[in-house]
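Asker: let me see the structure of the following:
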Amino acid sequence: MTKSVFITGAATGIGRATALLFAGRGYRVGGYDLDEDGLAVLAADITAVGGTPVVAHLDVTDPDEVARRLAEFAEGSGGRIDVLINNAGLLNAGRFEEIPLEVHHREIEVNVKGVVNGLHAAFPYLKGTPGAVVVNLASASAIYGQAELANYSATKFFVRAITEALNLEWGHYGIRVIDMWPLYVNTAMTKDVKTGTTQSLGIRLTAQDIANDIVAAVDATWARKALAQVHFPVGLQAKALALGARFSPAWLTRLVNKGLAGS
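Answerer: Numbers count the residues shown, from 1 in each chain. A predicted model of the protein is given here:
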């Protein structure tokens, strides 16, 4: 039976690169986004690499539309959703007090409520699909709260927490719930971003880097599954920061993050 993957924020960047990788592996690919022109291009490209595209408008902050799109996609896949990728997100950089409140709220709506909407509506289909996997796009900013990304970082801590919790809860149903922790990725999202950490760490990752690691995490090795790995840092920098935070005392972790941010 053809496997299926449902991806939010799929028109560009990480979502697009991930959709094309799964398409090349023969998946039925559901690509959803606000950018319908981008989705039309994606659909043609998915077909060109041998995948089966299903694309449609989706505002992840609208729970009714999320539920409707998931139901439509699952119906065409025989009730299955093998992989759910909660990728849609916003990033706003700057000093917390200088960013308008409505911009903070919109970031929370997409990054937090959008993920909750997807998880809640997808559960029945995931439960009915043996070996189903959920991939949430978190961030290395979920390791320690980041200066000049305070609200964004907080939303990714939420993603981290709900991933950990549902990895425990949904394991009972055979559903793996994991997340990805990239540092800055060279996409439209970071085009005009300049913070202390972009200066000190650079923007080194590409959308393809993240897509490659998402596919590898979904098709995890026996060892990773046996160890029940939940968090997948992407790139050497994120792996070093995650490892350091795990074993460093809190004061040292804060000092390192303060230094990287130039605060």
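
Asker: what's near enough to touch the residue nearest the centre of the chain?
Answerer: In the chain, the centroid-proximal residue (Cα atoms, centre = their mean) is L137; its distance is 1.7 Å. L137 is in contact with I14, I85, N86, N87, G89, V159, D179, M180, I210, counting by Cβ atoms under 8 Å, 6 or more residues apart in numbering. Where you see a C-beta, it was placed from the backbone N, CA and C, and this is true even at glycine.

Asker: which of these fall in helices?
Answerer: Counting by DSSP state H, the contacts of L137 place I14, V159, I210 in helices.

Asker: need those in JSON lines with pLDDT, neighbour count and distance to G235, can you?
Answerer: Converted to JSON lines, these look like this (pLDDT from 0 to 100; neighbours: other Cβ atoms under 10 Å; distance: Cβ to Cβ, whole Å):
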{"residue": "I14", "pLDDT": "96", "neighbour count": "28", "distance to G235": "13"}
{"residue": "V159", "pLDDT": "98", "neighbour count": "23", "distance to G235": "18"}
{"residue": "I210", "pLDDT": "95", "neighbour count": "24", "distance to G235": "9"}
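
Asker: of those residues, which is the nearest to E75?
Answerer: Within the ones in helices among the contacts of L137, proximity to E75 (Cβ to Cβ) peaks at I14, which comes in at 26.7 Å.

Asker: ok, that closest one to A88 distance?
Answerer: Per Cβ to Cβ, to the nearest Å, I14 is found 10 Å from A88.

Asker: again with S153
Answerer: From S153 to A88 the distance is 18 Å (Cβ to Cβ).

Asker: more crowded one of those two?
Answerer: Counted by other Cβ atoms under 10 Å, S153 and A88 do not tie: A88 has more neighbours, with 25 against 19.

Asker: so that one touches V112, yeah?
Answerer: No: between A88 and V112 there is no contact under Cβ atoms under 8 Å: 11.4 Å.

Asker: for G26, state which of the contacts of L137 is nearest.
Answerer: G26 lies nearest to I85 out of the contacts of L137, by Cβ to Cβ, at 16.7 Å.

Asker: who touches that closest one in this structure?
Answerer: Applying Cβ under 8 Å, 6+ apart, the residues near I85 are V5, F6, I7, T8, G15, T18, V134, V135, L137, I214.
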